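1. Using only what follows, build the 3D model:
(4 chains)
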Protein chains: 2
Amino acid sequence: MKLDKITNKPRRYEDACGTAHALDLIGERWALLVIRELILGPRRFGDLRADLPGLSANVLTQRLEGLEAAGIVRRRKLAPPASVQVYELTDWGREAEPIVLHMGRWGARSPLQDPNFPLSAVSMMLSLRAMFDPGRADGVDVTIAFRCGDGAYWVSVRDRVLRGERGEAPGADVTLAGDPGAITGMIYGLRSLPELEREGIVTVSGDREALARFAAIFELPPKACS
Amino acid sequence: MKLDKITNKPRRYEDACGTAHALDLIGERWALLVIRELILGPRRFGDLRADLPGLSANVLTQRLEGLEAAGIVRRRKLAPPASVQVYELTDWGREAEPIVLHMGRWGARSPLQDPNFPLSAVSMMLSLRAMFDPGRADGVDVTIAFRCGDGAYWVSVRDRVLRGERGEAPGADVTLAGDPGAITGMIYGLRSLPELEREGIVTVSGDREALARFAAIFELPPKACS
DNA sequence: CGGCATCCGGGAAGATACTG
DNA sequence: CAGTATCTTCCCGGATGCCG
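-> Below you'll find the model as predicted:
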């Protein structure tokens, strides 16, 4: 947390409201996006930097320190022979996920949003979580593997439940490789798959019918008329 | 919205993620608290200043301008003879309420929160909305009126549904007058009502049994062990 | 390479005073 | 009452360099 030079205490809103206190903890610039990148599991300093392009190293250090002091993030050293340091959410930190998802759904309705900016793989996964509607998933049973950069992710829909994690997919019907933003745009019906394949942005292998059934579940919320 | 001197465009995260874009819009300091104060209806510039001590006039002006440009807040001139200007949420802005409530519930679990700071009347009302648990409201039928400063508010529980607004209560069982923070602390069982009355911080008139049934519904979430 | 300290410029936040 | 103008403080973000 940021320390005030005079009082040597974190700068706060000095408001007993829980929302205000939450903003004391996660309201600083980049803080919630760091949390977003940690929702799918532990990550290294460099991973975070790579997925948050505008965030400089010193600010990332400050945020991680603040979030750790607040009990939201924990740093852990992996056992040898890996012996690398990773950052992960605490149990309570993980409970901030609904905040991230709610903000995502709400923000997606903004008329000012620009879908042409880069999208991290974690954001792609969380976007699917946020936009999943069990009412449209009737009878769908599909597992999809994603390969984005050197990261592997997967999602499955079954019994009207969506699951998704980082790692290798257990028996995927179809594998998508490419840019997360392009993949997400395709799933939401904003970009055509043949075109993306023709341009080499996305490659597909496996059951394309399964992919179509999966994509049919998702729909972007309508823009708020401004 | 804030404008960058070089590009003359608002400073953004440049991230296609909906969460990041939401932060572009409401992530600036004080923005979400301004929204919080508007959730229960239109307010005047001076009302907002009074309920957000610490927020200076120029920053409030900037936030209101930014939120208006984003389509979250609208400024409206009341019809004569009132003829005063008020700020209110747009339909889409009102949909940010779940974000505020989620953050409130989550922030209330922080071990670092200090309930001794002042609490606005709107925060008191939203806190009740956030902490209401229909499962504990079985058979409760109570309406409570609040008088905080010169503002009137009310809540009712009936058929396991909580309602609450600004204004005069339609047939309240009991009326509470005093500081919102003290009232909230009493409802959550953190402060004793007899003591608050003895010290003149809260005054009660009406059916005290109804108040007790109402208060029994509410319980603060456990602190996250840090 | 990963993590962190330090310096610097620009700009946002905060306090105060002032105006219609 | 509803803002605006001004000034100061401090945070953000970039660059650099140190150390394991």
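2. And the strands in chain A?
-> A:73-77, A:85-89, A:142-148, A:151-158, A:161-166, A:174-178, A:202-206 (DSSP state E).
3. Nearest to DNA strand D: which residue in chain A?
-> The minimum distance from chain A to DNA strand D, using C-beta to the nearest atom of the strand, falls at A:Ser56 (3.7 Å). To be clear about C-beta, it is placed using only N, CA and C from the backbone, and glycine gets the same treatment.
4. I'd like to know how many residues surround that residue.
-> Look at A:Ser56: counted by other C-beta atoms under 10 Å in any protein chain shown, it has 11 neighbours.
5. Could you tell me the per-residue confidence at it?
-> A:Ser56 carries a pLDDT value of 89.
6. Correct me if wrong: A:Phe146 contacts A:Ser156.
-> No - using C-beta atoms under 8 Å, A:Phe146 is not in contact with A:Ser156; the gap is 11.8 Å.
7. okay, the two: which has more neighbours?
-> A:Phe146 (24 against 21).
8. pLDDT value on that one, please?
-> Listed pLDDT for A:Phe146 reads 97.
9. That one: what's it in contact with?
-> A:121, A:124-125, A:152-155, A:175-177, A:180, A:183 (C-beta atoms under 8 Å, 6 or more residues apart in numbering or on different chains).
10. 6 Å - rerun?
-> Listed by C-beta atoms under 6 Å, 6 or more residues apart in numbering or on different chains, the contact set of A:Phe146 reads A:153, A:176.
11. Bridged to it, which residues?
-> For A:Phe146, the beta-bridge partners are A:Tyr153, A:Leu176 (DSSP bridges).
12. Tell me the spacing between it and A:Ser123.
-> 12 Å (C-beta to C-beta, to the nearest Å).
13. A:Arg36 too?
-> With C-beta to C-beta as the criterion, A:Arg36 and A:Ser123 are 7 Å apart.
14. Find the nearest non-adjacent residue to A:Leu128, please.
-> Closest residue to A:Leu128 apart from its sequence neighbours, by C-beta to C-beta, 6 or more residues apart in numbering or on different chains: A:Val155 at 5.7 Å.
15. Verify the stated contact: the one you found with A:Arg166.
-> No - with contact defined as C-beta atoms under 6 Å, A:Val155 does not reach A:Arg166; the gap is 10.8 Å.
16. which of those two has more neighbours?
-> A:Val155 (22 against 17).
17. Of the strands of chain A, which stretch is the most buried?
-> Among these, strand A:142-148 has the highest mean neighbour count (mean count of other C-beta atoms under 10 Å in any protein chain shown), at a mean of 22.
18. got the angle for it vs strand A:202-206?
-> On the basis of axes from the mean of the first three to the mean of the last three C-alpha atoms, to 10 degrees, strand A:142-148 is oriented at 140 degrees to strand A:202-206.
19. What residues does chain A have near chain B?
-> Contact residues (C-beta under 6 Å from any C-beta of the partner chain) of chain A with chain B: A:14-22, A:33, A:36, A:71, A:92, A:96, A:98-100, A:102-104, A:106-108, A:110, A:113, A:115, A:117, A:119, A:123, A:181, A:224, A:226.
20. Any of those residues buried? List them.
-> A:15-22, A:33, A:36, A:71, A:92, A:96, A:99-100, A:102-104, A:106-108, A:110, A:113, A:115, A:117, A:119, A:123, A:181, A:224 (16 or more other C-beta atoms under 10 Å in any protein chain shown).
21. Distance across stretch A:165-172, terminal residue to terminal residue?
-> This stretch, stretch A:165-172, spans 13 Å end to end (C-alpha to C-alpha, to the nearest Å).
22. what sits up against that stretch?
-> A:40-41, A:143-145, A:152-154.
23. Now do that stretch: distance to the chain's middle.
-> The chain centre lies 16 Å from the centre of stretch A:165-172; the measure is C-alpha atoms, centre = their mean, to the nearest Å.
24. what is the rounded mean pLDDT of that stretch?
-> The average pLDDT for stretch A:165-172 rounds to 92.
25. In it, which residues are buried?
-> A:166, A:169, A:172.
26. tell me the pLDDT at the nearest residue to A:Ala31 once chain neighbours are set aside?
-> Nearest non-adjacent residue to A:Ala31, counting by C-beta to C-beta, 6+ apart: A:Arg63, 5.3 Å away. The per-residue pLDDT reported for A:Arg63 equals 92.
27. out of all of them, which helix in chain A is the longest?
-> Assignment by DSSP state H gives helix A:57-69 as the longest helix of chain A.
28. How about that one and DNA strand C, any contact?
-> Yes - residues of helix A:57-69 contacting DNA strand C under C-beta under 7 Å from any atom of the strand: A:57-58, A:61, A:64.
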